[in-house]
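Undergrad: Kindly generate the corresponding structure for this input.
(2 chains)
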There are 2 protein chains.
Amino acid sequence: MTIGSFYPPQRTLMGPGPSDIYPQVLQALSRPTIGHLDPLFIGMMDELKQLLQYAFQTQNTFTIAVSAPGSAGMEACFVNLVEPGDKVIVCRNGVFGERMRENVERCGGEAVMVDNAWGEPVAPGLVEQALAANPDAKIVAFVHAETSTGALTDAEAIAKLARQHDCLTIVDAVTSLGGVPLLVDEWQLDAVYSGSQKCLSCVPGLSPLTFSQRAVDKIQSRKTPVQSWFLDQSLVLGYWSGEGKRSYHHTAPVNSLYALHEALVLLQSEGLENAWQRHKDVHLELREGLEKLGIEFVVDEACRLPQLNAVHIPDGVDDALVRKTLLERYNLEIGAGLGALAGKAWRIGLMGYAARSENVALCLKALETTLK
Amino acid sequence: MTIGSFYPPQRTLMGPGPSDIYPQVLQALSRPTIGHLDPLFIGMMDELKQLLQYAFQTQNTFTIAVSAPGSAGMEACFVNLVEPGDKVIVCRNGVFGERMRENVERCGGEAVMVDNAWGEPVAPGLVEQALAANPDAKIVAFVHAETSTGALTDAEAIAKLARQHDCLTIVDAVTSLGGVPLLVDEWQLDAVYSGSQKCLSCVPGLSPLTFSQRAVDKIQSRKTPVQSWFLDQSLVLGYWSGEGKRSYHHTAPVNSLYALHEALVLLQSEGLENAWQRHKDVHLELREGLEKLGIEFVVDEACRLPQLNAVHIPDGVDDALVRKTLLERYNLEIGAGLGALAGKAWRIGLMGYAARSENVALCLKALETTLK
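TA: Predicted coordinates:
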């Protein structure tokens, strides 16, 4: 066995993530590694917290990046906020709502499911019914932007209902953060997690996370220990608090955090509102082109995510062959369907640095040629 | 608030990790990101598995890198192998044995502690006594190379005892992998986890992990689901198996995995035995110089780790001031003491790319000047 270095090609990443990475982020990634307790590193972590607060539009003191992918960010919310026996209303309109259910049950909680069809947003009316029928529910969990279908749910409305019934909210913002408005404080969301590799256009492997004071209070009043040591946020809190001494919890993924810092510096420099507008504008360019090709969207216009375009695969088209051709001939990745949409839909991502007119032009021309 | 890019200095990392990173690894890290389901990425993952098998000296089919730091690798072992009510013999001779105890208890297991003093290895005789006194024990857990003290435990001997009592072993090899002999198959270890940022000289954030067939059998015969979704290896197994279709579990930390691949290509190129010898040779250089400075080791020579040199802070020396001076004047990081050794010891790492004569020379001269 002799294995040599791996040299990946330059792809254009227009799937459901990872998205195209900003060149500046890749540069930041390979800067010299320093120790995770180095005063300069700790200074960077303080900045990173401020930058994450900006991205999430929150003043939450507890705003961090979990040292693992978005699915660990999801789990961090559930293991910290759900105690055995807790009833959680889980909204399911795609893959990630189902994953939330699995998380609740592994925490010993009871999941009450609110189902909407794949491609639809979560219906506030159904959530209200579930809350009325389950006055002992403690949490409402839902996905803001369903990566498996491209549907956007009205997070503000769901969170308002949850508050009226004295429930906390757990919100999956993996695909929404940086791509569409997400106003954690204004909408009074309680536990919100995201991913580095979607609209932030950072490398995959980190999960931005923010907890409201209500969520922190719930953690601090737990009767049972958090079942995960690695994700126990009461242990991590000390590290990120910025109040005096940082205690050692685990070795931080130093270089990935450089990259996230850089991605957020770029977001701050562009401005959140401008980034949202850019995603929208580029989505409209893509939509126009796809419609000319006779390709139809899975999700109604009113709740369509600009950054994740799920479209029906035209009749008679070989799904796998088209994606293979795009990849091999054009170095262009688009996403396959997932779960109920497997083989039936493509997911075309316009996330972060991928949300550019040149990407749309490439994608449209490559699709046009390949589908002929 | 306007925050600019972060430019870390070039440090020499001679603490307990992260260690100095190979320049080639930093280069690999910033290669173009491709999708985690891209056929070329999957090909790289197959190579990575082979490279990890070489590093661990195992043929275990289940040999992977957990997408999170070593403490998540530890947790992956416990949550998959310990079921509620299981009795686990946990050997504690430093910080990480104590963390194992916390893991066992969070899994609903019962930890039977075997204690040795900080700086001593785990005594096989004590393990044997615990096994005799607890015939219902199912697992023996211990740390091969204690990062908090620099002591090396005889993993082969402990594993032999465990097998004689029909127990599985969980072995922390975070600091040992690549630095001292670790022969997973020959020693018949069952669940072994490590870290990317120690003797492999890769960036922090990944945890190499290997399970024997006995460990896989135990996972597959569990009566209760694994409490963690993210770390449930029965879900991850499909992704790494290399048998046909890779199913989506979580988004792999693509660029960090490029880096680990490159670090392991370098290890393969050097040869494991040569890497062990290099760590030993450079350790002897450091030892000679430290002895000339009148600095004494915490750990007896017989079980001293070459890659992690815990030394007593000389009387009357200001611990924090010395480390600050080394860092600020020489850009040299050495490690503080941890736990029982806080304020009493320094930990000088010679791990992976840091195990070079030029690092020893810098460290000795800088210490000599600073201690004057």
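Undergrad: Regarding whichever residue of the stretch 101-250 of chain A sits closest to chain B, what are the backbone dihedral angles?
TA: Nearest to chain B, among the residues of the stretch 101-250 of chain A, is residue A:205, at 3.1 Å (Cβ to the nearest Cβ). (Glycine included, C-beta is placed from N, CA and C.) Here is the backbone geometry of residue A:205 (degrees, to the nearest 10): phi 130, psi -10.
Undergrad: Could you double-check that it lies in contact with residue A:256?
TA: Yes - using Cβ atoms under 8 Å, residue A:205 is in contact with residue A:256, at 5.2 Å.
Undergrad: any shared contact partners between the two?
TA: Common contacts of residue A:205 and residue A:256 (Cβ atoms under 8 Å, 6 or more residues apart in numbering or on different chains): A:196, B:205, B:253, B:255, B:256.
Undergrad: Tell me the one among those nearest to residue A:221.
TA: For the shared contacts of residue A:205 and residue A:256, the minimum distance to residue A:221 (Cβ to Cβ) is 30.7 Å, reached by residue A:196.
Undergrad: Who are the contact partners of the closest one?
TA: Per Cβ under 8 Å, 6+ apart, neighbours of residue A:196: A:65, A:202, A:203, A:204, A:205, A:206, A:207, A:208, A:256, A:259, A:260, A:263.
Undergrad: Check residue A:146 too.
TA: Residues near residue A:146 by Cβ under 8 Å, 6+ apart: A:93, A:94, A:95, A:96, A:97, A:152, A:153, A:175, A:305.
Undergrad: That one pairs with what?
TA: Applying DSSP bridges to residue A:146 yields these beta-bridge partners: residue A:151.
Undergrad: how much space between it and residue A:84?
TA: Plainly put, residue A:146 is 28 Å away from residue A:84 if you go by Cβ to Cβ, to the nearest Å.
Undergrad: Residue A:48 against residue A:264, yeah?
TA: Yes - look at residue A:48 against residue A:264 with Cβ under 8 Å: they come within range, at 7.0 Å.
Undergrad: ok, these two, which is more surrounded?
TA: Comparing residue A:48 with residue A:264 by other Cβ atoms under 10 Å in any protein chain shown, the one with more neighbours is residue A:264, at 26 against 23.
Undergrad: what are the phi and psi angles of that one?
TA: Main-chain dihedrals, residue A:264, degrees, to the nearest 10: phi -80, psi -30.
Undergrad: same thing with the one 5 residues further on?
TA: With angles defined as degrees, to the nearest 10, residue A:269 sits at phi -70, psi -40.
Undergrad: From the chain's centroid, how far away is stretch A:339-346?
TA: 20 Å (Cα atoms, centre = their mean, to the nearest Å).
Undergrad: And the helix ranked longest in chain A, what does it pack against?
TA: The longest helix of chain A (DSSP state H) is helix A:272-292. Secondary-structure packing of helix A:272-292 (3 or more Cβ pairs under 8 Å, 6 or more residues apart in numbering or on different chains; DSSP states H and E): strand A:308-312, helix A:357-371.
Undergrad: Any chance you could list what contacts it?
TA: Here helix A:272-292 makes contact (Cβ under 8 Å, 6+ apart) with A:54-55, A:57, A:178-181, A:199, A:267, A:270, A:297, A:304, A:306-307, A:309, A:311, A:348, A:350-351, A:355-357, A:359-360, A:363-364, A:367.
Undergrad: could you pick out which of those are near chain B?
TA: Contacts with chain B within those, as defined by Cβ under 8 Å from any Cβ of the partner chain: residue A:54.
Undergrad: Was I right to think residue A:139 contacts residue A:166?
TA: No - with contact defined as Cβ under 8 Å, residue A:139 does not count as touching residue A:166 (10.5 Å).
Undergrad: that older thread, and the helices and strands packed on helix A:272-292 as TSV, adding mean pLDDT and distance to residue B:287?
TA: Below are the helices and strands packed on helix A:272-292 laid out as TSV (pLDDT from 0 to 100; distance: least, Cβ to Cβ, whole Å):
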stretch	mean pLDDT	distance to residue B:287
strand A:308-312	98	58
helix A:357-371	98	57
